[in-house]
Every structure is written in structure tokens, then in C-alpha cells.
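Student: Predicted structure and sequence below. I'll ask about it afterward.
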Amino acid sequence: MNLFTRALRSLRNSDAVEPHSGEGLSGRGILIFERTSEVIAAETALRKAGVHIAIKGPPPEIQTGCDMAIEFPIVDELEVTRVLSAKRIKPVQMLPLQDTLLEPVSLYNTKDFGDYLMVRAANMKMTIRKTDRTIVNISGGGCPDVPFLAERLVGKTLEAAREPRTLGNSLCGYALQMAYDELRRQCLG
């Protein structure tokens, strides 16, 4: 039984299912990858194709070598498959999420320190001063470009700082971009 058939069966057995409603997990699927570079390539291709996705941590029950997964609306399975096949990107697994079985883990953790706000995305942290949205600290990770990223970003406001993805291309740079995007979303709307 393929993913689409299982999802339809799940939809029929559910009282109220709206795949895009955000309620429950039965209307969503998850892509599991072996390497972070595959997640980044898949994210880029799927967003460009207009598929609404979210980067999450894989449920512990199915985690492989990569600490990131892509969550997508199950109704978009055929489009997801088509886009990834065209780019020759092969997920290790494509699974429907079930409310009681699999729950993706948020990659974000926000901590409010009064005058400062810190967002952790995966293994990287970015902290800003709330009054003027100046980046005051970058920490975490273990990639060789973290000191370079910190040097380029600390002291700049969220509005004036370059996007981390334009400065580095490591897993740490990718995670820092996610923290930067989340801070911008929270502070700048």
C-alpha cells in the first residue's frame, strides 16, 4: 500500500480532516533524508515548486543520520515525488504522520531573557537585544565557519545583517539562517 492510499484510508476513518488546517497530523507526511545537504536541496526545490513545507526534526522513532526532516501536506505527495525525482533527490523514507504514532520535533526553541531574545534552531543559537534588534551573540554548532559567521553578524541589527545563508554553506550556517528567519518573524512580523 503506497503513501497516498494509506493517507486516503486515514482520511476516510477520520471525523474531521483538513490537510491544511494545522489540526492533527493525519493530513501531513514527512520526508526523511540521510544527509543535511539533501534536506537543503529538497527544501529549495519544493519551495520553488510552491509546495508548502516545514523543516522539522524527525520523530525519534525514525531518525536516521540527519537531524532535519521535511513535513508536507499529504495531498501534495504526487507533486513532492515529481519535484524530487526531477532533481534526483531521494529521501530515505516518505511517511504519513499519524497523531498517535509520529510527531515531528520543532527545531526552534525561543528563550526570553528580558532585555534579550534567543532563538535556537537545531544546534545554533542567535541572541538579539530586544530594544534595537541588534545581534549580540551567535553560538553553538561545531562547523569551522561559526566564528566567521559570528564576526560578520554580531553587532548588526536584524534589518541590516546579511542573511547567514549568504555567508556560509555548512549545516551550522543553515541552522543559523533558520534562527535568523525565526527572529525576523517574531520581531519584524
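Tutor: Great, that's in hand.
Student: can you pull the buried residues of stretch 37-51?
Tutor: Glu38, Val39, Ile40, Ala41, Ala42, Glu43, Ala45, Leu46, Ala49, Val51 (16 or more other CB atoms under 10 Å). The way it works is simple: take the backbone N, C-alpha and C, and place the C-beta from them, glycine included.
Student: Pull the contacting residues for the spatially closest residue to Ala42 that is not a sequence neighbour.
Tutor: Once flanking residues are discounted, Ala42 sits nearest to Ile89: 5.0 Å by CB to CB, 6 or more residues apart in numbering. Taking CB atoms under 8 Å, 6 or more residues apart in numbering as the criterion, Ile89 is in contact with Glu38, Ala41, Ala42, Ala45.
Student: now, which of those lie within helices?
Tutor: Glu38, Ala41, Ala42, Ala45 (DSSP state H).
Student: The chain: strands as residue ranges?
Tutor: For the chain, the strands defined by DSSP state E cover 28-32, 54-56, 69-73, 93-96, 108-112, 116-121, 124-129, 134-140.
Student: Outside of the last one itself, list whatever touches it.
Tutor: Where contact means CB under 8 Å, 6+ apart, the residues beyond strand 134-140 that reach it are 116, 118, 120, 123-129, 146, 149-150, 153-158, 161, 172, 175-176.
Student: picking up where we left off before, what's the closest of the ones in helices among the contacts of Ile89 to Gly168?
Tutor: Nearest to Gly168 among these is Ala41, at 16.6 Å by CB to CB.
Student: Check the gap between the residue nearest to the closest one when sequence neighbours are not counted and Ser37 for me.
Tutor: Excluding the flanking residues, the one nearest Ala41 by CB to CB, 6+ apart is Ile89, at 5.5 Å. Note on Ile89: its distance to Ser37, by CB to CB, to the nearest Å, is 10 Å.
Student: do Asn123 as well
Tutor: 16 Å.
Student: For beta bridges, what are the partners of the most centrally placed residue in the chain?
Tutor: Nearest to the mean C-alpha position of the chain, counting by CA atoms, centre = their mean, stands Ile55 at 2.0 Å. Beta-bridge pairing of Ile55 under DSSP bridges involves Ile70.
Student: Now do the contacts for it.
Tutor: Val39, Glu43, Met68, Ala69, Ile70, Glu71, Leu107, Met178.
Student: same check, this time on Lys90
Tutor: Glu38, Leu84.
Student: how about low-confidence regions in the chain?
Tutor: Where the chain drops to pLDDT under 70, the residues are 1-26, 63-66, 98-106.
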